[in-house]
Structure formats: structure tokens, C-alpha cells
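In: Sequence first, then the predicted structure, then my questions.
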Amino acid sequence: TSSSSSRRGAFIVFEGLDRCGKSTQVDRLVQRLDRDGHKARLQKFPDRTTAIGKMIDAYLQSKAEMDDHAIHLLFAANRWECAAAIRRDLENGITVIADRYAFSGIAFSAAKGLPFEFCLQPDTALPLPDITLYLTLPPAVASQRSAFGVERYETVAIQTAVREQFGLVANEVKKRHGDGKWVEVSAEGSIEEVEERIWGLLEGMISGGVDGRIGELWV
Ligand code: TMP
Ligand code: MG
């Protein structure tokens, strides 16, 4: 398996609780890659621009109510409608950076009490991230850093339950796909410090590209 001809873009996912600084870091990473002339694309989940995304947006803003199972499946459907474009970009050598992915889908729904196996199932065979960085912040630091917004799930009680579920998700990723696929990163410190911490973990993978086919989640 020689490497030179088969390099593709890296699929990098960021996960974490609400208000952990994730979106700030994702934006800075994409800006850095643009500056360096590296082809990269940001993909937010939920992608609120699609028809399904608009339903999710209404739910998150409490403008619409929905059965827990139904909204779970819509979040997953929102990823499936973006899956082909992610795969295509990776194959064309573009780095794809996702702000949340299936792991948020599981953690937030399981925190509401849906069975873990049910939560896992609809995302089966989505493009497998080459690495997921899970940004962590001690609860005391998080509560001082910034007030929660007004969206659904932005309460201390829910975030505490979600954190617990993310622990189970991490175990599942490591068990099924290997320890290196899920990496915890401390989000403590200045924006610049966290940015350098993240860059140190990703630089090799991004600049070198990735060898081999795109995997399938949970398969
Ligand atoms: P955002 O703040 O990153 O736009 O995410 C909106 C909220 O939706 C956030 O609280 C996490 C939650 N969420 C789910 O419940 N399921 C999912 O599949 C995703 C991607 C996000
Ligand atoms: Mg939010």
C-alpha cells in the first residue's frame, strides 16, 4: 500500500458541551488553513440551512415541539443529507472540519433518556471521522466563562447529563474504531493557547493528508 497517489483530505470533528469554545476554535482553525492556502471546508451540525435543518432550528429555539425520537432522527437525517458532499470533498483532497457530528446526536438524545442503542443506530455507516477532538472544560470554569444562551439544552442540569453520555460515546468510539479516533483536549486557557494545543494535534494529519479509504461509522 504505497501512499503517494491515494492521499485524501482529513475528516476532523470537534465535539464538546455547549459554550466550551468549540465554534470559536473551529473558526480559527479554518481561518488558519485558508491563510496557509490549504483547501478546507467547515461543516456545522446541525446544518440549519436545509429544509430538515430549518425544522431542527425551530425545535432548538422552542418554536416547535417534537417527539424525542422524531427530532433524533431528523438530526441524523441532517447528517445523511450532507454525507455525500463530505465524502466527495475528502476524496478531492479537501480537509473537512465538522462542528459537532453524530456524537452530539447520541449524547444529547441519550441524556433525555432514549436508549443508547437506538441513538447509535441511525448514524451507522456515515463517513467515519479520522479524529474527533472532544473539548473539555471543568463545570466550574464553564459556568464562569459565559452565560448560556436561550436555546433548548442550555442548562446546567442537561449539560451535566450530556457530559456523562459523552463519556459512554467516547468508550464506544475507542472500542469500535481505536483509541486514536477520540482525543480529549482541554479547553482551559486563552483562545490562543487552546488554538495552539489543537494545532499541535492536527498539523501532521492536515498537512500530510490521510492514506486509505474513508471508514464507516460504527461499522
Ligand atoms: P449548536 O449550538 O452547535 O448549533 O448545536 C445546537 C444544539 O443541538 C446543541 O445543544 C447540541 C444539539 N444537538 C443535538 O441534540 N443533536 C445533534 O445531532 C446535534 C448535531 C446537536
Ligand atoms: Mg448552541
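Out: Arrived safely. Ligands and ions are numbered 1, 2, ... in the order given.
In: Tell me the buried residues in the least confident helix or strand in the chain by mean pLDDT?
Out: Within the chain, no helix or strand scores below helix 139-145, which has a mean of 78 by mean pLDDT, DSSP states H and E. Buried residues in helix 139-145, defined by neighbour count with 16 or more other C-beta atoms under 10 Å: residue 142. Heads up, the C-betas are built off the backbone N, CA and C, glycines and all.
In: Against which helices or strands is it packed?
Out: Other helices and strands packing on helix 139-145, by 3 or more C-beta pairs under 8 Å, 6 or more residues apart in numbering; DSSP states H and E, are helix 156-177.
In: contact partners of whatever helix or strand comes next after the helix it packs on?
Out: Next along the chain after helix 156-177, taking DSSP states H and E as the criterion, comes strand 182-186. Taking C-beta atoms under 8 Å, 6 or more residues apart in numbering as the criterion, the residues outside strand 182-186 that touch it are 131-137, 170, 173-174, 194, 197-198, 201.
In: Kindly report the same for stretch 99-114.
Out: 13-15, 22-23, 26, 42-46, 68-69, 71-72, 75-76, 79, 116, 119-120, 122-123, 126, 129, 132, 134, 153, 158, 161-162, 164-166, 168-169, 173, 217.
In: still on that earlier bit, could you dump the least confident helix or strand of the chain to PDB, C-alpha only?
Out: Taking C-alpha atoms only, helix 139-145 is exported to PDB below (Å, rounded to 0.1, in the frame of the first residue of the first chain):
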ATOM      1  CA  PRO A 139     -18.000  22.700  35.100                       C
ATOM      2  CA  ALA A 140     -16.800  25.500  37.500                       C
ATOM      3  CA  VAL A 141     -14.800  27.100  34.700                       C
ATOM      4  CA  ALA A 142     -17.500  26.700  32.200                       C
ATOM      5  CA  SER A 143     -20.100  28.400  34.400                       C
ATOM      6  CA  GLN A 144     -17.900  31.400  34.900                       C
ATOM      7  CA  ARG A 145     -16.800  31.700  31.300                       C
END
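In: That helix near ligand 1 at all?
Out: No: using C-beta under 6 Å from any ligand atom, helix 139-145 never reaches ligand 1; the gap is at least 13.7 Å.
In: quick one: that helix to chain centroid distance?
Out: 21 Å (C-alpha atoms, centre = their mean, to the nearest Å).
In: how close does residue 21 sit to residue 39?
Out: 25 Å (C-beta to C-beta, to the nearest Å).
In: Is stretch 18-36 in proximity to ligand 1?
Out: Yes: Stretch 18-36 is in contact with ligand 1 by C-beta under 6 Å from any ligand atom, via residue 18.
In: May I have that stretch as PDB, with CA atoms only?
Out: The C-alpha trace of stretch 18-36 is given here as PDB (Å, rounded to 0.1, in the frame of the first residue of the first chain):
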ATOM      1  CA  ASP A  18     -22.400  23.900  24.800                       C
ATOM      2  CA  ARG A  19     -20.300  27.100  25.500                       C
ATOM      3  CA  CYS A  20     -17.000  25.200  25.600                       C
ATOM      4  CA  GLY A  21     -15.400  27.400  22.900                       C
ATOM      5  CA  LYS A  22     -15.700  24.800  20.200                       C
ATOM      6  CA  SER A  23     -17.100  27.000  17.500                       C
ATOM      7  CA  THR A  24     -14.500  29.700  18.100                       C
ATOM      8  CA  GLN A  25     -11.800  27.100  17.700                       C
ATOM      9  CA  VAL A  26     -13.300  25.600  14.600                       C
ATOM     10  CA  ASP A  27     -13.500  29.100  13.000                       C
ATOM     11  CA  ARG A  28      -9.900  29.800  13.900                       C
ATOM     12  CA  LEU A  29      -8.700  26.500  12.500                       C
ATOM     13  CA  VAL A  30     -10.500  27.100   9.200                       C
ATOM     14  CA  GLN A  31      -9.100  30.600   9.000                       C
ATOM     15  CA  ARG A  32      -5.600  29.300   9.600                       C
ATOM     16  CA  LEU A  33      -5.900  26.800   6.900                       C
ATOM     17  CA  ASP A  34      -7.300  29.400   4.500                       C
ATOM     18  CA  ARG A  35      -4.300  31.700   5.300                       C
ATOM     19  CA  ASP A  36      -1.900  28.800   4.600                       C
END
